[in-house]
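Enquirer: sequence-free structure coming up:
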């Protein structure tokens, strides 16, 4: 069992930090999670366009609007540690974020999904504690409403 002072591996760290941005529901917790995830001078590319760190933060806040819960499911994640240091390097993968909204459609909560392809580069941790931050983020996303499944009426039974 790992001790509490041990830093998580690169892949686990990246997955948990990105997930916390989407799964945290309180705005104050979101700001704390964002600041602990991204370097102050992080370079962000979203859908092949450079955006400022503040615009990336604003975009994430906008996507969280009216959500009552969110889950992040990761697929095909790989990490390439920096030579000589397994705690920093590049992590890439795909994730699906499913947000359940406060709004309802036919008595069921509305859902939105975001498909992401992400590639991030992390900076060196400090001498004490785990102060890794994302310094480069390349993210391609598609945001859409989850499908609505309406019940089809059954024809009357033939006698």
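Expert: Cool, got the structure. Note that the structure is predicted; figures quoted are calculated from it, not measured.

Enquirer: so where's this protein uncertain?
Expert: For the chain, applying pLDDT under 70 flags the ranges 1-5, 106-108, 124-130, 146-154, 159.

Enquirer: so where do the strands sit in it?
Expert: Taking DSSP state E as the test, the strands found in the chain are 38-46, 49-51, 67-82, 85-105, 108-122, 134-145.

Enquirer: for these, give me TSV that also has distance to residue 28 and mean neighbour count.
Expert: No exception for glycine: its C-beta is placed from N, CA and C like everyone else's. Shown next, in TSV, are those (distance: least, Cβ to Cβ, whole Å; neighbours: other Cβ atoms under 10 Å):
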stretch	distance to residue 28	mean neighbour count
strand 38-46	17	16
strand 49-51	23	11
strand 67-82	16	14
strand 85-105	19	16
strand 108-122	23	18
strand 134-145	20	15
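
Enquirer: which stretch among those comes nearest residue 6?
Expert: strand 85-105 (10.3 Å; Cβ to Cβ).

Enquirer: residue 134 and residue 22, how far apart?
Expert: 14 Å (Cβ to Cβ, to the nearest Å).

Enquirer: OK, contacts around residue 119?
Expert: Residue 119 sits next to 90, 91, 92, 137, 138, 139 when contact means Cβ atoms under 8 Å, 6 or more residues apart in numbering.

Enquirer: closest to residue 57 among the residues you listed?
Expert: The closest of the contacts of residue 119, once distances to residue 57 are taken by Cβ to Cβ, is residue 137, at 11.6 Å.
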